[in-house]
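**Q** sequence unavailable; structure follows:
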């Protein structure tokens, strides 16, 4: 899947040479590509917890918090969102949350699911994806309503 996403980023980069901001898995693949100027790539990876001696999981939210800080320093206001289609809506919403304007081209995003051996089980089938998305959306809505009630 990372190869597929990197391929999409590369094809868009070849058409319009814009800086690339990527999660480290994709960024590292792109840095090895001779058709892409590696100085145009900024990638963000996981942080490392020295206490536990292991990486801290990087969620879409924590990744985009890093992207937003970087974009503010570079005066970037718009970003093209590249993601698997089952992550796409959440990614677009997170881009908006951090104050950036998402540019979208959802039709070019890969629609295949990962295998069950992949780390995120909810991405291994359409049924799991739908259930996960529904539960996550309801949880987020409940949290927002509870916050309004507490503040109001």
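**A** Yes, it's here. The structure displayed is predicted, hence computed values, not measured ones.
**Q** any low-confidence regions in this protein?
**A** The model of the chain has pLDDT under 70 over residues 106-107, 109-120, 122-123.
**Q** the longest helix belonging to the chain: which residues count as buried?
**A** Looking across the chain with DSSP state H, the single longest helix is helix 126-151. By 16 or more other C-beta atoms under 10 Å, the buried positions in helix 126-151 come out as 128, 129. Backbone N, C-alpha and C define where each C-beta goes, glycine included.
**Q** packing partners of that helix?
**A** Contacts defined by 3 or more C-beta pairs under 8 Å, 6 or more residues apart in numbering; DSSP states H and E place helix 126-151 against helix 85-97.
**Q** got the angle for the helix it packs on vs helix 126-151?
**A** Relative orientation of helix 85-97 and helix 126-151, computed by axes from the mean of the first three to the mean of the last three C-alpha atoms, to 10 degrees: 20 degrees.
**Q** pull the residues that contact the next helix or strand along the chain from helix 85-97.
**A** Remark: after helix 85-97, the chain's next helix or strand is strand 101-103, criterion DSSP states H and E. The contact list for strand 101-103 (C-beta atoms under 8 Å, 6 or more residues apart in numbering) reads 77, 78, 79, 80, 81, 91, 92, 95, 96.
**Q** strand 101-103 pairs with which strands?
**A** In the sheet, strand 101-103 lines up against strand 78-80 (parallel) (DSSP bridges).
**Q** name the residues that touch the partner strand?
**A** With C-beta under 8 Å, 6+ apart, strand 78-80 has contacts from 12, 18, 21, 67, 71, 95, 100, 101, 102, 103, 104, 105.
**Q** next, give phi and psi for the second one.
**A** Backbone geometry at residue 18, expressed as degrees, to the nearest 10, gives phi -110, psi 150.
**Q** same check, this time on the third one
**A** Torsion angles at residue 21 (phi, psi; degrees, to the nearest 10) stand at phi -120, psi 120.
**Q** ok, and the closest non-adjacent residue to it?
**A** Closest residue to residue 21 apart from its sequence neighbours, by C-beta to C-beta, 6 or more residues apart in numbering: residue 42 at 5.1 Å.
**Q** helix or strand: which one has the one you found?
**A** Assigned by DSSP H and E, residue 42 belongs to strand 41-44.
**Q** who are the packing partners of that strand?
**A** By 3+ C-beta pairs under 8 Å, 6+ apart, strand 41-44 packs against strand 20-23, helix 24-31, helix 60-74.
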